[in-house]
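Trainee: Sequence and predicted structure below; questions after.
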Amino acid sequence: MLFRCSIRMTILILFCTYLLCFAFQCSPCNAVTLSLKIAHKFSAEAKEFWSGKYGDSFLPWPSKGTGKYYEILHRQDVARHGRKLKTYQTVYFSSGNETVNLGEQFGWLHYAFVDLGTPRISFLVALDTGSDLLWVPCECRQCAPTPSPSYGLVGISEKDLNVYSPSSSRTSKRVTCDDSFCNMGDWCQTAQADCPYDVQYLSDNTSTSGILVEDVIYLSDGDRFGFNGSMATSVIFGCGQVQSGSFLDGGAPDGLLGLGLGNITVPEFLDKAGLVDNSFSMCFGPDDSGRILFGDKGDSYQQTTSFLQINETYLVYMVAVEKIVIGSVVLEVPGLTTLVDTGTSFTYLPEKVYSAVTTKFDEQVRETKVSYAPWEFCYEASKFEGAMDTPSLSLVFHGGGNFSIYNPLIALYDELDTLQAFCLAILQGDIAIIGQNFMTSYRLVFDREELKLGWSPWDCYKLDEADRNADVSSSSVQETGSHFKASPSPISHGNNPSPKHGVPPVTHIFILNKGSQGPHGGQPHLGSHKILSFHLCFLIITTIMSVLY
């Protein structure tokens, strides 16, 4: 019985093989070719196909090149690839992407308006890459005063600074001690208690403490095609009940936005929400204005250096400086670990490096040296009209990237606004810190995914003539007079297709059942395949016979 089945199976296989070989050789096949025509999902052919099948329910059809056209394509890409693609290239605060240095009274830090809660309330927060947590004054037991006139915010904010209240926000949620974001669970009496927090800062006796809460932050997208509008996403931040130190003396009186490498930062929440890549950029202009953009990964021409680990963990934006170039002098400082901190106003160097750098700088300056505490190296400015000749200064990072300091000096004026001196804005400290003054005229990219710092010279106001940048000022949500005036973003949004000239990807296939001709207008020539098909048939038969017998 088994032998008969094998014979029958063999005959059946040989017969099918014969038909296959005949199909390869039959002369009618030489005049036939199978083909598919593909069409873009929003093409005229696709429109005709769907209209004929379902009527006009699929209309209106998005016009090619419009913002809606590209928005739909991008949304579907995101749906297909999940978290591999983010919803937006870049986003910024709903009040705009502008930041501003508010001077000595506000600790020389850069500030931006952030909107939180429902109804939304604006907070003027300091921006700090040296810490992680966003916190705002809340249920205050010890907070800075909030009346705006006490800070001289004329032209910046016509309203008083605000205090957050969890009970007044419809979208506020508690963060309990058993939450994965609660790092101080040992302080809790029960798992369902409010999670406490306490953050100590580098400044003497400066801290904030309170409880963690969850609420929404409002953002606008920086999309090239103008899909502007406000969006809300949840973040966890500190309800700052007790502040101390410089927080009571003008430094961050209305809160602070930590942008460090921790998992409780705004960039991390935006990444986990699928909005943008886990990266952001800051640009610092010489006129004390700046820009911030979340999701920005920088450009191919920027220079980069990797962040360093501390005890095998990436904790802060620490980089390695290998050389410091002062004019014609190259000072070797191999592996000098240096913190990149936008929350520090000036630049600091350890004692030995500070002494070597300032000495080499001073040796190349021929002007009269004067003293203005806390600066050690100041030079009389009476002979100058706002400038003086000084040696250049630059840092060489690990990997060879060169970071030129555009203006290492600060100008000092008296009470009558008369220029008195120029001072080298470097101070001695326990560790090396690149502060805001050395970041001027750069766009700095803090890439938290690839763990590297990127930088490129940048004008924080102007768009690049080569159209590398998208003007997203129209995307800013215009709120009350408490916000900065919106201004163009300096940031490039990559190689997005132009609405006029872009060639969108083929994202769908329609079978239209039409034959196609060969490259020269006639039918495709199959004669060259005849010998190959005979060999294929013989090989198939031989293989089957050898297996069965």
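Mentor: Now that the structure is in, tell me what you want to look at. Computed from a prediction, not measured in an experiment: that's the story for all the values here.

Trainee: Going by C-alpha atoms from here, please, whenever you check contacts or count neighbours.
Mentor: Fine.

Trainee: and P166, backbone torsions?
Mentor: Main-chain torsions, P166, degrees, to the nearest 10: phi -60, psi -40.

Trainee: Which parts of the stretch 251-400 of the chain are strands?
Mentor: Here the stretch 251-400 of the chain has its strands, by DSSP state E, counting those that start in this stretch, at 256-258, 279-284, 289-294, 303-306, 318-326, 329-340, 347-349, 369-372, 375-380, 393-397.

Trainee: Could I get the phi/psi values of Q243?
Mentor: Dihedral angles (degrees, to the nearest 10) for Q243: phi -110, psi 160.

Trainee: contacting residues around the nearest residue to it once chain neighbours are set aside?
Mentor: Distances taken as CA to CA, 6 or more residues apart in numbering place T208 nearest to Q243, at 4.5 Å, with adjacent residues excluded. T208 sits next to 198-200, 240-244 when contact means CA atoms under 8 Å, 6 or more residues apart in numbering.

Trainee: Give the helix, strand or coil label for T208.
Mentor: The three-state assignment at T208 reads strand, by DSSP: H, G, I helix; E, B strand; the rest coil.

Trainee: Against S220, how distant is it?
Mentor: Going from T208 to S220 by CA to CA, to the nearest Å gives 29 Å.

Trainee: Help me confirm that D115 comes into contact with Y218.
Mentor: Yes. D115 is within contact range of Y218, at 5.6 Å (criterion: CA atoms under 8 Å).

Trainee: picking that back up, mind picking the one among the contacts of T208 that's closest to T358?
Mentor: Distance to T358 across these (CA to CA) is lowest for Q200, with 30.8 Å.

Trainee: leaving aside the residues next to it on the chain, what's closest to the closest one?
Mentor: S207 (4.5 Å).

Trainee: State the pLDDT value of that neighbour.
Mentor: If you check S207, the pLDDT there is 96.

Trainee: For ChimeraX, write a command that selects the buried ones of the contacts of T208.
Mentor: The buried residues among those can be selected in ChimeraX (16 or more other CA atoms under 10 Å) with this line:
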select :198,240,241,242,243,244
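
Trainee: between the contacts of T208, which is nearest L256?
Mentor: Closest approach between those and L256, by CA to CA: G240, at 10.0 Å.

Trainee: Can you say which helix or strand has the closest one in it?
Mentor: Here G240, judged by DSSP states H and E, is contained in strand 230-244.

Trainee: Mean pLDDT and distance to M184 for the strands of the stretch 251-400 of the chain - can I get that in CSV?
Mentor: Listed next are the strands of the stretch 251-400 of the chain as CSV, based on pLDDT from 0 to 100; distance: least, CA to CA, whole Å:
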stretch, mean pLDDT, distance to M184
strand 256-258, 96, 18
strand 279-284, 94, 27
strand 289-294, 92, 29
strand 303-306, 97, 31
strand 318-326, 97, 25
strand 329-340, 96, 26
strand 347-349, 97, 32
strand 369-372, 89, 44
strand 375-380, 92, 40
strand 393-397, 97, 37
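
Trainee: nearest to E415, of those?
Mentor: For E415, the closest of these is strand 369-372, at 14.4 Å, according to CA to CA.

Trainee: Could you list the buried residues of the closest one?
Mentor: Buried positions in strand 369-372, judged by neighbour count with 16+ other CA under 10 Å: 369-370.
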